[in-house]
Each structure stands twice: as C-alpha cells, then as structure tokens.
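Colleague: Build me a structure from this.
(2 chains)
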There are 2 protein chains.
Amino acid sequence: VLNTHQQWLCRRLASLGYVVNRQVGVADDGPAITQAVREGLFRADLVITTGGLGPTSDDLTRDLIAELLGKTLHEDAGTLAQIEEFFKARQRPMPDLARVQALVPKGAIVLPNHNGTAPGLAIEVPPNPFRATASDCAGEPAGEEAGAPKTAWLIMLPGPPRELRPMFDQSVAPLLQRELPLKEPFVCRTFRSTGIGESLVQEKILPELAELVAAGLDLGYCARPGQVDVSLAAHGDGSPALITKAEALTRKLLGGAIFGTEDEELAAVVIRMLMARKETLTLAESCTGGCIADQLTNVPGASAVLLAGLVTYSNEAKKLFLGVQEETLAGHGAVSEPVAREMAEGARTRTGADYALSVTGIAGPSGGTPEKPIGTVFIALASASRTVVLRNLNPYDRETFKQVTTLQALDLLRRNVRLA
Amino acid sequence: VLNTHQQWLCRRLASLGYVVNRQVGVADDGPAITQAVREGLFRADLVITTGGLGPTSDDLTRDLIAELLGKTLHEDAGTLAQIEEFFKARQRPMPDLARVQALVPKGAIVLPNHNGTAPGLAIEVPPNPFRATASDCAGEPAGEEAGAPKTAWLIMLPGPPRELRPMFDQSVAPLLQRELPLKEPFVCRTFRSTGIGESLVQEKILPELAELVAAGLDLGYCARPGQVDVSLAAHGDGSPALITKAEALTRKLLGGAIFGTEDEELAAVVIRMLMARKETLTLAESCTGGCIADQLTNVPGASAVLLAGLVTYSNEAKKLFLGVQEETLAGHGAVSEPVAREMAEGARTRTGADYALSVTGIAGPSGGTPEKPIGTVFIALASASRTVVLRNLNPYDRETFKQVTTLQALDLLRRNVRLA
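Modeller: Purely as a prediction, here's the structure:
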C-alpha cells in the first residue's frame, strides 16, 4: 500500500532536529521484520517501526520485537480498559482477537492510542547484549562513537495514519526530547508557496541566501503539484539569528506567493481569513468535481464560511442551479470564460454569499480540442464589486489536474479577499 | 517527498510473481546510496533503483553504481540522439547538462525513455568479484543457495512516475520474464470489502481457510478506514487450485461485503455499475462536504453518471437547492432521518436522476448532543420506487469521518442498485 508515513515522519522528525538516515520497507514476514529491526538498532540511535500491531494474524511486529529483545509479553490492564472503552463508545462488541493488542513487552512504555485500539510501545534497548553483538553489518560505523555502544530507543507505532500522527505529536515527540535530547540548538522553519515552480523559487531565493547558506543555513525545497515548500534549518548556537535573517529575506523575495508556514494547508488559510472577516463563500465546481468543497470542509469551522458547493457536472445542472444561460453554453461551450463568469455570479447571487468561486475545464483523459486542449481551465471569483476570471493550462493526469486547479482557485480567493 | 514507487512497483512485480523483499529509502548521499545498492545486490536476485539519473548535481546514482561495479561510462550515441530528439520535439534548446544522461556503464542494456530524457539501465552483475565478496552482512543467506553465488540484475529507473511506469511495462517486465523466469507458478488475488472490521473479517474467514493456509495459502489483510482488503497468494504447482478454492470460500464467507478485486476503488465500481445500466446519480452532501462527489469524479467517465452534487452545508442551501421544508428542519433538526430523506428525494426529483444519495451528520469536532453524538450520520438513497435511510455512528476525526461515511454512502448505492 502507499507508504505515507515515510514523508510524514521524516518531516516531523526533521522539524524537531532529528535526521532520518534510512527508511526500510519489508514484507509482513517474520525473518524480514526481525532482520530490519536488528539492522536499524545497529545503525541508529532511534528506530521507529510502523504497523503490525493490530489484532490479526499478520500483525507480527509486537511478538517479533519482544522475541528479538528477549522480553516477555504481559497483558496491560490500562491498555485493555482503553480497548474495551473504544468498542463501548462505538456500541460494538469487542472481538476476542482485539485483546492481543493489550500485550506489552516487559519494561516498555505504553503510548496511548486515542484513535484506535493498538497502543504504541517505546523500549529502551541497552548496548548489551543486543547492540554490541550486532556485528553482522561490519564496515559501517554505528553512529559516531562506534567504540562506545549507547542505548537506543525502539518505538513501535500503529499503521493507520489517523492513529500514528496524533500519537507521534502527543507521546513520541516529548519522549524524544526527554530521552534523546539534541546536542545543540536546532531551528527549523517552513514556508509554503503556490503559483511559482520549484526552479523559479530557487532562482529567486538562492542568490540572496547564498551567504547564509555558507554560514550554515540548510535550505530545502519540497515540490508537489501546485505547491513548493521552502524549509530553512540551522544547528548550533547561532541558529536562531541565522534563521531570523533567512526568514526575513525569504518573505521579502517570495512575497505574496507564500500562503502559510509549517504544515498549514491553503484551504485552512482561506477558511481562517474568511472567518476573521465574517464573510461567506459559495462554490460552483465543474471539472474539479467537489475537490474544492472537500478540501475546505476538511477544515474545522468551514460551516461558518461555506454556504454551499454546487458540483454542476452537466450543462442542465449549470442552468438549473446556477442560472447559466443556454445561449452562453451554446455560444461559447461549457469550458469558457463567459460560462465561468455566469457560474460564479449565479452561485453568489442565488446564495447571497460574499464570494463565489467557479471552475470549468477539461480534466481529461478525453474531451480536448486544438483551441482548448486537455488541461484547459477557467477559474472565476465573483464578489459584490467585480468578477475576475483566470484561464490556466494544467495538462496533468486527472487527479493532479483537480489538485492543482483547486489550489489555483483557492489562491485566487486568498489574493483577492483583501481587495474585494 | 511521498514515495509512490514502492506501492506501484510492488504491485506490478507481485502481479508478475516476483516478491519484493525489501524497499529502502536513503538520502541523496553517495555513501548511503552505494551501501544500499551493495546490500541489495547481496540479498536479492534483482535490485531496482529509482531516481538519481537526471542531469543535476544531486543525481548521483549512475556514477556511483558504475564505480561500485568497476565499470567505465561511455557516451551512447543512440541515447544521445534520443535526448536531442526529445528537446527538438519540444522546440527547446538542449542544455549542455542534459548530455550526461547519455552516459552508459560498459555492458549495460539501455531502456529507452519515451517520456523524458534519462534512459533506464539494466546491468547483469556477475557473482564475482562483487557478490561473492559482499560478506559484510553475514548471518543472512543470499537467497536460497548461499553456497552457489548467482548473477544478479541491477536495473536503474528514472524518478518521475510518468517516465518510470511506461518504461517498466515496456522494457523491464519483458527483461525480467526473459532473464529471471519464475521457478514455479505464482498466483495472487485481492478482494476488497467494506462494512465489516478487520478482526471480524478474519474471524469470518480464518477458521474455514485454516486448512488451505496449512497447505501453503498466504493470507494477508490490509485495513484502512471503512475498508478491509484480503489477499490470497500461493506459490508452486498446486497454487492455481489452492487459490481457486480459497477464492470460492472467501466469496462465500464475505458475500456482499466484497465490492471489488485487485486495486479497484468503490467509487469506480459504482460508476461502472451505473454506466452499464445507463443510469444517473445526483448527490446531496452535507457533512461529507463534497468528498463523495470528489471520489466519484476521480473516475474517468463519471460525467456520464453524475448529474450534479449539491454540497448543502447550510439550512438555507438545503431549502434553496433541495426543497427541504422549513418545518422538517425546525421539527427534527438538520441531522435527522426526515431531512436526509427530503434531501435525497429533492435532489432526485429536481435533477431527474435515477438515484440520489444524501448525507447529513455531525463530523465534529463540535456540535454533538447526547441523542446525536459527534459521528452521527443519516444516509439516504432515493430511487423512483422508494427511499431508504441508514443511521450510522462514525466517531472518528473529521477526515476519517468523511472517508468512512463516503464509503458507507457509496456502498448503500452499490447494494441497492440491482433492487431499485
């Protein structure tokens, strides 16, 4: 299955100042899991495993690690009570199998799971007998001080992201800061930008930040469709001052392209802006098919802002729900500037919202023409004072098209809210 | 960044009968890359690397592997011509840097890149001098016949998915079937189910499949919110018969909970069913906020089925677009069986669709009451003959709530399409 943990954990750990050295994926197979954990404990001060703690017969990690470390498992009463409570709250009987998740290796710290049944487990692994004898991968130094074996931490987290992520923030981050404190200060700051490509972001900021990079600034880029994140990090005593300088320069150079910091989503920024202004929004989506509404409604509080979202895939729906004129559709086609304009204006006036965003385009894989190739999209923003329409070309696969177009629509709103 | 290659390559290789033993992610760092390739060649008959073949200074893989294997690089005339052709077709000048991508290690097979500039490379690695001396990870057998070193294949693929995927299908799959033919038959089958939890799925099938597991059936589960996948795999001459038996039993035991096979999504199943019946659908979403529309419109061809999706977050929008009665809202509340019913019926009659699905509930994090706690949701399906309404409790975080409720709504439709 798609491994989203690698990206998420690497980012979270990096923001705390911990460098991820290696990520290993193995099959749900005893020897492969054991071998990967052995190697990890030999290589690193911290090993995090994800998954394999559930109730089914292919959830092997807990047992294998207890065996590897020579620890017995016992049933933890507090954990069992939490698992029972989980099923009670959902008015479902607790299956017998679920009970295995209350088994805890001797000496392990239990990390409570508030969003599922299997708790996380943290174990301090002494240098002996295991780490010192793990010489089966000679030729690699075990950290910096190969001669002085240290204890390592082994942390087992459940697989589902909705369980793993809050557990990391609530239990793992404090444990790391307590048990594996950084040797020197570390500062990290991320800016999120949209509307300019990765190479252009780099061209804009690299020359002016070069001096700070020479002084120890670690500059990173992460590009995904429609969005480039810039991270500024530094280690050592001078790092706070270095990052403050880098931050000011980055803000000046990227300006309005920066929509947020750290892991803030553009949808959350837009909801926050409109909530603060007590303003409302209606959506009229065609080719994005509900993607804009879906992203906005992922943000708690969206109901104070979003009055309605109309996914008007068919021409009939555009006429019925938005009042788009038959002549406009016939004269310009559904994917056109005038239709985008009528969609936004119709959505706004019909619902009485302060703003309406509309999108009409050709997501593909079929439907393109020479004048309007696949990827053509019109995005309109209507407010009381005016309607603006963008024409973009997003020639990507269907899902990427929806994603990029959604960011462009939300960014059009973000950049115009103060002006409307 | 998000690693999508692992999932894609594992599935493709598995469907060809090759078992992926280990997936390793390392930083763009010379020693880390070399070490990971060394270990891979020691462990496996086939090592596939992805990325690091491009023209920039952090693209190290080609050089490092040539050095590791003691091979010189030469400029391949055919590859250079293809790179030049790539830029010519795009009417762009070829940067000097691009030329490095025509460098090929001596003896390597060039895998042409029809969607980018860097070709893939396949190299047969003899047992000596490298593999036989890779004794730095002793304690692990190198495959089954540790005593008889074999040649291995090392295949380097470019990073971008739109280059890697067609290259795998066009060049790598035939090469594997020619150079690394399977020693015995392999069969693998995945069933996707919804509506029952992972433990219950196991309780239902494991006892009856126990005999087949003893005979060599490999049974795996993969749970995500609202969905459990069951995979059945077997090696050897008896595997087709074993899988046929396991498949029949699994279908019998899980019955209607199975909505699809392999990597088919529920949204795609629903679109396919309705397309085949030439029937149409309208959505009226409240708490799912466009998530159902978004998932359905990810499926190519959705426009033939989905007439409209109304995201009626506010009471006003429910009245305006769906004709929900003020008295119904006042008397029962927006989250109620009668409102769900009026939403679905209003959506259906207003658009003339064959079916309408509606959802109204409390996604949280606020808004719950003792009678209707957070997670309460009503899902209605209206057809010409009748309207059915489900009441569920999905007490999850906001995004999981939307995801699970979306699956429940689509599954209500799937289970009723034949009956309506």
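
Colleague: Go through stretch A:402-416 and flag the buried ones.
Modeller: A:402-415 (16 or more other Cβ atoms under 10 Å in any protein chain shown). Every C-beta, even on glycine, is put in place using the N, C-alpha and C of the backbone.

Colleague: so A:Ala382 sits right up against A:Arg348, yeah?
Modeller: Yes. At 4.5 Å, A:Ala382 counts as touching A:Arg348 under the criterion of Cβ atoms under 8 Å.

Colleague: between the two, what contacts are shared?
Modeller: When contacts are counted by Cβ atoms under 8 Å, 6 or more residues apart in numbering or on different chains, A:Ala382 and A:Arg348 have A:355-356 as shared neighbours.

Colleague: rewinding a little: okay, and which of the buried residues of stretch A:402-416 map to helices?
Modeller: Among those, the members found in helices (DSSP state H) are A:402-415.

Colleague: Read off the pLDDT value for the residue nearest to A:Leu274 when sequence neighbours are not counted.
Modeller: In space, and not counting its chain neighbours, A:Leu274 is closest to A:Val305: 4.5 Å by Cβ to Cβ, 6 or more residues apart in numbering or on different chains. At A:Val305, the model reports a pLDDT of 97.

Colleague: Could you do the one 4 residues further on as well?
Modeller: The confidence metric pLDDT takes the value 97 at A:Gly309.

Colleague: Repeat that for the one 5 residues further on.
Modeller: Predicted confidence (pLDDT) at A:Ser314: the value is 92.

Colleague: burial count for the spatially closest residue to it that is not a sequence neighbour?
Modeller: For A:Ser314, ignoring the flanking residues on the chain, the nearest one in space by Cβ to Cβ, 6+ apart is B:Leu307 at 5.0 Å. The number of residues packed near B:Leu307 is 25, by other Cβ atoms under 10 Å in any protein chain shown.

Colleague: Now B:Leu307: which helix or strand?
Modeller: strand B:306-311 (DSSP states H and E).

Colleague: The helix or strand following that strand and chain A in contact?
Modeller: Moving toward the C-terminus from strand B:306-311, the next helix or strand (DSSP H and E) is helix B:315-322. Yes. If you take Cβ under 8 Å from any Cβ of the partner chain as the test, helix B:315-322 does meet chain A, through B:316-317, B:320-321.

Colleague: what's the following helix or strand after helix B:315-322?
Modeller: Next along from helix B:315-322, by DSSP H and E: helix B:326-332.

Colleague: Up against chain B, what does the stretch 301-420 of chain A have?
Modeller: Counting by Cβ under 8 Å from any Cβ, the stretch 301-420 of chain A sits next to chain B at A:302-303, A:306-314, A:316-317, A:320-321, A:350-351, A:363, A:365-366, A:398-399, A:402.

Colleague: make it 10 Å
Modeller: Taking Cβ under 10 Å from any Cβ of the partner chain as the contact definition, the stretch 301-420 of chain A meets chain B at A:301-314, A:316-318, A:320-321, A:350-353, A:363-367, A:396-399, A:402, A:406.

Colleague: And for the stretch 151-300 of chain A?
Modeller: Residues of the stretch 151-300 of chain A lying close to chain B by Cβ under 10 Å from any Cβ are A:159-163, A:165-166, A:221-224, A:229, A:280, A:282-283, A:285-300.

Colleague: Farthest from the middle of chain A: give me that residue.
Modeller: Most distant from the centre of chain A: A:Glu327, at 43.4 Å, with distances by Cα atoms, centre = their mean.

Colleague: quick one, what contacts it?
Modeller: A:Pro338 (Cβ atoms under 10 Å, 6 or more residues apart in numbering or on different chains).

Colleague: How about A:Leu253?
Modeller: Going by Cβ under 10 Å, 6+ apart, the list of residues near A:Leu253 reads A:201, A:204-209, A:230.

Colleague: quick one: which of those has the most company?
Modeller: Counting by other Cβ under 10 Å, top hit in the contacts of A:Leu253: A:Val230 with 25 neighbours.

Colleague: Any figure for the gap between that one and chain B?
Modeller: 14 Å (Cβ to the nearest Cβ, to the nearest Å).

Colleague: same question, A:Arg272
Modeller: Relative to chain B, and taking Cβ to the nearest Cβ, A:Arg272 is found at 16 Å.

Colleague: what about the closest residue in space to A:Leu182 that isn't next to it in sequence, how many neighbours?
Modeller: In this structure, A:Leu182 finds its nearest non-sequential neighbour in A:Gly17, 4.8 Å apart by Cβ to Cβ, 6+ apart. Other residues near A:Gly17 come to 19 when the count uses other Cβ under 10 Å.

Colleague: Quick check, pLDDT for A:Gly17.
Modeller: According to the model, A:Gly17 scores 88 on pLDDT.

Colleague: Hmm, A:Glu184 and it touching each other?
Modeller: Yes. If you go by Cβ atoms under 10 Å, A:Gly17 and A:Glu184 touch, sitting 8.8 Å apart.

Colleague: what do these two both touch?
Modeller: A:235, A:239.

Colleague: what ranges do the helices span in the stretch 151-300 of chain A?
Modeller: Per DSSP state H, counting those that start in this stretch, the stretch 151-300 of chain A carries helices over the ranges A:161-167, A:173-179, A:198-214, A:239-254, A:266-276, A:291-297.

Colleague: what are the phi and psi values for the residue nearest to A:Lys88 when sequence neighbours are not counted?
Modeller: Counting by Cβ to Cβ, 6+ apart, the nearest residue to A:Lys88 once its immediate chain neighbours are dropped is A:Met94, at 8.0 Å. Backbone geometry at A:Met94, expressed as degrees, to the nearest 10, gives phi -80, psi 120.

Colleague: can you pull the contacts of A:Met94?
Modeller: A:80, A:83-88, A:117, B:199.

Colleague: likewise A:Leu157?
Modeller: Counting by Cβ under 10 Å, 6+ apart, A:Leu157 has contacts A:5, A:9, A:48-53, A:61, A:111, A:113, A:118-122, A:163-165, A:167-168, A:171-172.

Colleague: Recalculate using a threshold of 6 Å.
Modeller: A:Leu157 sits next to A:50, A:120, A:164 when contact means Cβ atoms under 6 Å, 6 or more residues apart in numbering or on different chains.

Colleague: Equivalent analysis for A:Ala284, please.
Modeller: Applying Cβ under 6 Å, 6+ apart, the residues near A:Ala284 are A:310, A:322, A:343, A:347, A:358.
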